[in-house]
Structure formats: C-alpha cells, structure tokens
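A.B. asks: Sequence first, then the predicted structure:
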Amino acid sequence: MSYIAVLGAGSWGSTLAKLLAEKDYDVSLWVHEEDLAREISQTGVNSVFLPGVELPRSLKASADFERVLRGSRYVVSVVPTQFVRSVMRVARPHIERNAVVVSASKGIENKTFQTVTSIVHEMTGLPAAALSGPSFASEVVRRLPTAVTLACRDRNVGLLLQELFTTDYFRVYTHHDVIGTELGGALKNVMAVAAGISEGLGLGSNARAALITRGLMEMTRLGVCMGAEEKTFFGLSGLGDLVLTCTSTQSRNYTVGRRLGQGEKLKEILASMTAVAEGVSTTRAAHALATKKRVEMPIVEQVHAVLYEEKDPREAVTALMTRLPKAEF
C-alpha cells in the first residue's frame, strides 16, 4: 500500500515521484514498461527517461496498477494526454473512492478536445486538480529553484496539495482556475514549436519575442472563450511556461520546431525521440478548437499547416507577416 501513486514514469513523472519520496512520503510509481519498472526497482535508475539520476530506494515501481494504487490517498497522473483515457479505463477499478487526483500532464485530447482533468473526472468520477508551470524535469531533479501553479476548485484540497508538493526548491502557488491553468500548459507547447521553427530558420531574437507576445494573446483568446480567467494566462502556467519553452533547447516542443525549420521531416523527428512532444498533438486539437469556437489564432493555424499539411516553414512565416495590418489591441 502506498500513500501517493504516480502514474507515468517519463522524465516528469519520475521527477515528481522522486520529489515526493524524498519528502518521506510512501510513493509508488506506475511504469508502462515492465522491464523499466524492474530496472527502477532493482537499480534505482530510470535509464530511459531520467538517465544519470539516482532515485530514492524507498520509491516502489511496478507495471501493476493494483499494486501501485492500492490504498493510495493521492494519485498523480503524468501520462501523455492522448493516453490518459485508456490508462484511466484500466486504472479506475483500483483507485480509492476518496482519492485526490492531480494531473501534471499538459495537453488537449484530440478527439474530444477535453483537458486532462475533464478526462479523469469522466473516467473515474473524481474531481482532479492541475499542476502546471515552467518546470523542466532536468532542473527540478537538480533541486534548482522552480515555481509552479496548483489549480484546484476546492480551496481546502488545494491547500493540502500545496503542502504535499512544496519543498525548499519547489514553490507551489494555489489557484482556482483549473481550465485556464490546463490550457496555458497545453497551448504554450504549440507556441514553442513555432518559436523553434523560427530559430531553425535563423529568424533572430526579434521574431522570437514577437511569437511569444502574440502567442500569449492567442492562448488568452481561446482560454477566455472556453471559460478561463484572463489573468491566469499572465501567471506561471501561462506566460511563465510560455517563456521557458520558447527559449530553451531543453524543450522537446521547441526542439521539434527547430529541426523542422532546419529542413527535417516531422515523421523522422518524432521517430528519433523517446519522450513525447505534446505540442504536436495539441496543435491539431487547438486548431480544431479555434475553428469551432471561431477564435482567431494565426500562429496555431500556420503551425498546423507545417505539421499536418507539409507547408514550407518559410511560407508559414511569410503568411504571418503579410496578414492585413491591424491594431495591436
């Protein structure tokens, strides 16, 4: 029996499991691959997603949902967005009725356009909080200062979760806008692809600054249309995460964009990556949502054209720069 169950042993899931286990919580980690679960249990190392990092020996890893979830008071889902539904379908019989669920995934489901907390609630009947913000796993595992947002509709539960995750290097701010927090974390990945394309094309710092600024406007427009609060997008889960992922080669989404700008094909790029670049699938969902809601999102539109319509990245940039002149606000 564990006090906290972490679902997903990618770099971020393993990092959060490490953080929680080092606070002396009883933590179990669900790992999709049985051989990787065995490696983590026997050696204390996740060589696939977190190489070179020693995990606490108290951390239990297993590919068995029942073993990981039995007795868990808190469930932290760090499963890639497009797999959350299928994972929760199998996991739900083993999740305790009074468990508190936290989503740390950043994406939008393609078929339904739902955020992860919405999927979790549909599949388990339990409300879910969202943990998001500028937080590269590679820096959190090194205990470098990091600040994130924990959004929860229930204020008291939010305060409990704040205490659960907070350390002297991982600062957690509470918020009530769950949908806004999730959309900020998801949509910034699309903008990171755009910023990477700009870098790959050698367009300079001016272009990147423009993409970040106008990208934030697009994120906010869609978010408000979907019921989020405007101020959320100017916080850690919006602007904070956007700046981080649009300016660093540590970002998987930025890297995908940079390689596209340098002439590589998307299929080849994704085949060479072990981790999931959520922005690729989120672009499809964001583009469909913008069309459905009639929200103007020109950056999303051009990233979608590059990813899914084989549009030349330079032509996409030209299309953005030659749009009809208009007022900024």
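C.D. replies: Structure's in. What do you need?
A.B. asks: And the strands in the stretch 51-200 of the chain, which stretches?
C.D. replies: Shown for the stretch 51-200 of the chain, the strands assigned by DSSP state E, counting those that start in this stretch span residues 60-62, 74-77, 100-103, 128-132, 146-151, 170-175.
A.B. asks: Adding mean neighbour count, write those strands out as JSON lines.
C.D. replies: For every residue, glycine as well, the C-beta is placed using N, CA and C. As requested, the strands of the stretch 51-200 of the chain are exported to JSON lines (neighbours: other C-beta atoms under 10 Å):
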{"stretch": "strand 60-62", "mean neighbour count": "22"}
{"stretch": "strand 74-77", "mean neighbour count": "26"}
{"stretch": "strand 100-103", "mean neighbour count": "24"}
{"stretch": "strand 128-132", "mean neighbour count": "27"}
{"stretch": "strand 146-151", "mean neighbour count": "23"}
{"stretch": "strand 170-175", "mean neighbour count": "18"}
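A.B. asks: how about the ones you listed, which one is nearest residue 322?
C.D. replies: Ranking the strands of the stretch 51-200 of the chain by proximity to residue 322 (C-beta to C-beta) places strand 128-132 first, at 34.4 Å.
A.B. asks: just to revisit the earlier point, for the strands of the stretch 51-200 of the chain, which one sits closest to residue 323?
C.D. replies: Between residue 323 and the strands of the stretch 51-200 of the chain, the tightest spacing by C-beta to C-beta is seen for strand 128-132, at 30.4 Å.
A.B. asks: Surely residue 6 is in a helix?
C.D. replies: No: with DSSP: H, G, I helix; E, B strand; the rest coil as the criterion, residue 6 is assigned strand and is not in a helix.
A.B. asks: who's it bridged to?
C.D. replies: residue 29, residue 76 (DSSP bridges).
A.B. asks: tally of neighbours for it?
C.D. replies: Neighbours of residue 6 under the rule other C-beta atoms under 10 Å: 32.
A.B. asks: Spell out which residues sit in contact with it, please.
C.D. replies: The contact partners of residue 6, by C-beta atoms under 8 Å, 6 or more residues apart in numbering, come to 13, 16-17, 20, 27-30, 76, 78.
A.B. asks: Out of those residues, who's the most crowded?
C.D. replies: That'd be residue 17 among the contacts of residue 6, by other C-beta under 10 Å, with 32 neighbours.
A.B. asks: so where does that residue fall, helix or strand?
C.D. replies: helix 11-21 (DSSP states H and E).
A.B. asks: Quick one: residues in contact with that helix.
C.D. replies: Under C-beta under 8 Å, 6+ apart, the answer for helix 11-21 is 4, 6-7, 9, 27, 29, 40, 46, 49-50, 53, 55-56, 58-59, 76, 78-79, 104, 135, 137-138, 140-141, 164-165, 167, 170, 275.
A.B. asks: Apply 6 Å and report the result again.
C.D. replies: Residues outside helix 11-21 that contact it (C-beta atoms under 6 Å, 6 or more residues apart in numbering): 4, 6, 27, 29, 46, 49-50, 55-56, 58-59, 76, 78, 137, 140-141.
A.B. asks: and that helix, C-alpha only, in PDB?
C.D. replies: The C-alpha trace of helix 11-21 is given here as PDB (Å, rounded to 0.1, in the frame of the first residue of the first chain):
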ATOM      1  CA  SER A  11      11.000  12.300 -17.100                       C
ATOM      2  CA  TRP A  12       8.400  14.500 -15.300                       C
ATOM      3  CA  GLY A  13       6.600  11.600 -13.600                       C
ATOM      4  CA  SER A  14       9.800  10.200 -12.300                       C
ATOM      5  CA  THR A  15      10.900  13.600 -11.200                       C
ATOM      6  CA  LEU A  16       7.700  14.200  -9.200                       C
ATOM      7  CA  ALA A  17       7.900  10.700  -7.700                       C
ATOM      8  CA  LYS A  18      11.500  11.400  -6.600                       C
ATOM      9  CA  LEU A  19      10.500  14.800  -5.100                       C
ATOM     10  CA  LEU A  20       7.600  13.200  -3.100                       C
ATOM     11  CA  ALA A  21       9.600  10.200  -2.000                       C
END
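A.B. asks: and that helix, average pLDDT?
C.D. replies: Summarised as a single mean, pLDDT over helix 11-21 is 98.
A.B. asks: Equivalent analysis for stretch 48-67, please.
C.D. replies: On average, stretch 48-67 scores 96.
A.B. asks: cool, stretch 212-226 as well?
C.D. replies: Computed over stretch 212-226, the average pLDDT equals 98.
A.B. asks: just how off-centre is that stretch within its chain?
C.D. replies: Mean-position distance between stretch 212-226 and its chain equals 17 Å (C-alpha atoms, centre = their mean, to the nearest Å).
A.B. asks: Thanks again, I'm all set now.
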